[in-house]
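Visitor: Everything below, folded, please.
(chains A and B)
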Protein chains: 2
Amino acid sequence: MENLFLNSNDIEKMEKRFRTNFFNSVWGFKAANLVGTINKHNQSNLATISSAFHLGANPALVGIVIRPDSVDRHTFENILETNQFTLNNILKSFYKNAHQTSARYPREVSEFNATRLTQEFTTTIVAPYVKQSSIKIGLSLQEVLPVKSNGCTILVGKVEEVVVVKNAILNDGFVDLEKAGSITISGLDSYHETTKIARLSYAKPDKPVEEIGYGK
Amino acid sequence: MENLFLNSNDIEKMEKRFRTNFFNSVWGFKAANLVGTINKHNQSNLATISSAFHLGANPALVGIVIRPDSVDRHTFENILETNQFTLNNILKSFYKNAHQTSARYPREVSEFNATRLTQEFTTTIVAPYVKQSSIKIGLSLQEVLPVKSNGCTILVGKVEEVVVVKNAILNDGFVDLEKAGSITISGLDSYHETTKIARLSYAKPDKPVEEIGYGK
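Guide: Purely as a prediction, here's the structure:
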């Protein structure tokens, strides 16, 4: 198969839109979530986010990336106001509604209403959950990391609450995302379903890894 | 479908291994890459990494998470020594070899030899690429972000070089990861193939999103 080689000069000369598509997709598949927030005036906001990444299990932490100039700005402002946000997985049954949240709605319009997703609240978290999701996680803001290289901000959230469809949680704690109905995103706008290849055993230097199955 | 509700107290009481599996998988699917590094003594290192996340297209930046106490330590030390690393996508044809890199080999053992993956070099980047990968990206270390909440470190890399199989790059810059043969990881050890659902049009407040197809 023929390869394309790009040096830093070629990359600088890329057309803007081409470069955006290229680098949003080139690292691989991404987690498909909706981030739910609310401000002091009880105006809720919902936005697709594909940057959530695992930071640690104890304490349970996640990172999300906030871009300097984007529709994320309401999300960011709301999180700073309330110190809370939710992450909710995107299912195939509503991925078009989820994608629609990235339109630039004015602040007074809740993306929940605009996209016909349903907000849901608990007593622990002020930010709204997405009723239609099967994995819902309530978080408190733990740390704000400014990225000097490009003005992005990484927010670190600590898990305060989890609501997950029971049959997706296997005996060893592994969450079977396919049972939960989760899909995955590549680039800015491409949605994919998944099929299991295998789970592999814990790797040791002296023996080859084995398929361990998914169990219950 | 029945839900499991967990509050912060339930989460604290989770058995250690259960919690690790749970929080490594709950956020969604992850990019499956190998990070290639080398030290001053020309000892190369290769490690599976599922934390690579897009940080920006101009300049082209990626973030990776380094855990405080893990097999990542050789990777981290090498990056600090040479200021460079590579990211290489994991294909179905060698995902077991890739997983094997997470075994705790002594420093003098190169995971390339131990796992029968082939290293490959360019004149721009001192760190090794994985010959078998179809997406190979050479990076320079741009920024080091300590995460105070748990002692992790986020490394920001700037793209210096890209080698991608040509037919995976569509006209608008989107990298078709399925054409490239990329797979995705969930949790610590589960590998998945993907199937396209659709690409969706840029969302606007006044009209519903549409499927735009993948083009060429």
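
Visitor: Give me the contact list for stretch A:13-28.
Guide: Under the contact criterion CB atoms under 8 Å, 6 or more residues apart in numbering or on different chains, stretch A:13-28 has outside partners A:11, A:186-188, A:190, B:30-33, B:52-54, B:56-58, B:60, B:62, B:87, B:89, B:135, B:137, B:159, B:162, B:164, B:169-170, B:172-177, B:182, B:184. (C-beta placed from N, C-alpha, C; glycine too.)

Visitor: Please compute how far it lies from its chain's middle.
Guide: 20 Å (CA atoms, centre = their mean, to the nearest Å).

Visitor: how about it: buried residues?
Guide: The neighbour-count check on stretch A:13-28 (16 or more other CB atoms under 10 Å in any protein chain shown) flags A:M14, A:F18, A:R19, A:T20, A:N21, A:F22, A:F23, A:N24, A:S25, A:V26, A:W27, A:G28 as buried.

Visitor: do you know how far the closest residue to the last one other than its chain neighbours is from A:V175?
Guide: Right, A:G28. Distances taken as CB to CB, 6 or more residues apart in numbering or on different chains place B:A31 nearest to A:G28, at 2.7 Å, with adjacent residues excluded. From B:A31 across to A:V175, the span is 18 Å (CB to CB, to the nearest Å).

Visitor: returning to what we had before: weed out the non-buried ones from the contacts of stretch A:13-28.
Guide: Counted by 16+ other CB under 10 Å, these give A:11, A:186-188, A:190, B:30-33, B:52-54, B:56-57, B:60, B:62, B:87, B:89, B:135, B:137, B:159, B:162, B:164, B:169-170, B:172-177, B:182, B:184 as buried.

Visitor: and A:G138, that's in a helix?
Guide: No: assessed by DSSP: H, G, I helix; E, B strand; the rest coil, A:G138 does not belong to a helix; its assignment is strand.

Visitor: is it in a bridge, and if so with what?
Guide: With DSSP bridges as the criterion, A:G138 is bridged to A:T86, A:E161.

Visitor: what sits against it?
Guide: Neighbours of A:G138 in contact, by CB under 8 Å, 6+ apart: A:Q84, A:T86, A:T122, A:T124, A:I125, A:A127, A:Y129, A:V159, A:E160, A:E161, A:V162.

Visitor: would a markdown table of those with pLDDT be doable?
Guide: As requested, the contacts of A:G138 are exported to a markdown table (pLDDT from 0 to 100):
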| residue | pLDDT |
| --- | --- |
| A:Q84 | 98 |
| A:T86 | 98 |
| A:T122 | 97 |
| A:T124 | 96 |
| A:I125 | 97 |
| A:A127 | 98 |
| A:Y129 | 98 |
| A:V159 | 98 |
| A:E160 | 98 |
| A:E161 | 98 |
| A:V162 | 98 |
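
Visitor: Separate out the buried members of those.
Guide: Here, 16+ other CB under 10 Å leaves A:Q84, A:T86, A:T122, A:I125, A:A127, A:Y129, A:V159, A:E160, A:E161, A:V162 buried among those.

Visitor: beta partners for the residue nearest to A:M1 when sequence neighbours are not counted?
Guide: The shortest distance from A:M1 to any non-neighbouring residue, by CB to CB, 6+ apart, is to B:V165 (4.7 Å). On the basis of DSSP bridges, B:V165 is bridged to A:N3.

Visitor: so who does B:V165 touch?
Guide: Here B:V165 is in contact with A:M1, A:E2, A:N3, A:L4, B:S134, B:I135, B:K179, B:A180 (CB under 8 Å, 6+ apart).

Visitor: Please indicate which of the residues you listed are buried?
Guide: Buried among these by 16+ other CB under 10 Å: B:S134, B:I135, B:K179, B:A180.

Visitor: restrict the residues you listed to contacts with chain A.
Guide: When contact is defined as CB under 8 Å from any CB of the partner chain, those meet chain A at B:S134, B:I135.

Visitor: where do the helices sit along chain A?
Guide: A:8-12, A:16-25, A:72-82, A:95-100, A:111-115, A:177-180 (DSSP state H).

Visitor: out of the ones you listed, which comes closest to A:D206?
Guide: helix A:177-180 (31.5 Å; CB to CB).

Visitor: What helices and strands are in contact with that closest one?
Guide: Judged by 3 or more CB pairs under 8 Å, 6 or more residues apart in numbering or on different chains; DSSP states H and E, helix A:177-180 is in contact with strand A:153-165, strand A:190-199.

Visitor: Any chance you could list what contacts it?
Guide: Against helix A:177-180 from outside (CB under 8 Å, 6+ apart): A:89, A:134-135, A:164-165, A:167-168, A:194-196, B:25, B:28-29, B:186, B:192.

Visitor: Could you export it as PDB, CA atoms only?
Guide: Output of helix A:177-180 as PDB, limited to C-alpha atoms (Å, rounded to 0.1, in the frame of the first residue of the first chain):
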ATOM      1  CA  LEU A 177     -19.900  -0.800  25.900                       C
ATOM      2  CA  GLU A 178     -21.500  -2.800  23.200                       C
ATOM      3  CA  LYS A 179     -24.100  -4.100  25.700                       C
ATOM      4  CA  ALA A 180     -24.600  -0.500  26.800                       C
END
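
Visitor: one step back: which two from the contacts of helix A:177-180 end up farthest apart in space?
Guide: A:V164 and A:T195 (21.3 Å).

Visitor: Residue ranges in chain A under the pLDDT threshold?
Guide: A:70-72 (pLDDT under 70).

Visitor: can you rerun that using 80?
Guide: A:1, A:69-72, A:216 (pLDDT under 80).

Visitor: Could I get the contacting residues of the residue located most distally from the centre of chain A?
Guide: Here chain A reaches farthest from its C-alpha mean at A:D206, the gap being 36.6 Å by CA atoms, centre = their mean. Residues near A:D206 by CB under 8 Å, 6+ apart: none.

Visitor: related to what we said a few turns ago, dump the helices of chain A into CSV; add distance to A:E211 as well.
Guide: Output for the helices of chain A, formatted as CSV (distance: least, CB to CB, whole Å):
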stretch, distance to A:E211
helix A:8-12, 39
helix A:16-25, 29
helix A:72-82, 40
helix A:95-100, 30
helix A:111-115, 40
helix A:177-180, 16
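
Visitor: Out of the ones you listed, flag the one nearest A:K148.
Guide: Short answer: helix A:72-82, nearest of the helices of chain A by CB to CB, at 17.2 Å.

Visitor: Now the closest one: buried residues?
Guide: A:D72, A:R73, A:H74, A:T75, A:F76, A:N78, A:I79, A:T82.

Visitor: near chain B, which of the residues you listed show up?
Guide: Applying CB under 8 Å from any CB to these, none is adjacent to chain B.

Visitor: Run the chain-centre distance for stretch A:164-174.
Guide: Centre to centre, stretch against its chain (CA atoms, centre = their mean), the figure for stretch A:164-174 is 19 Å.
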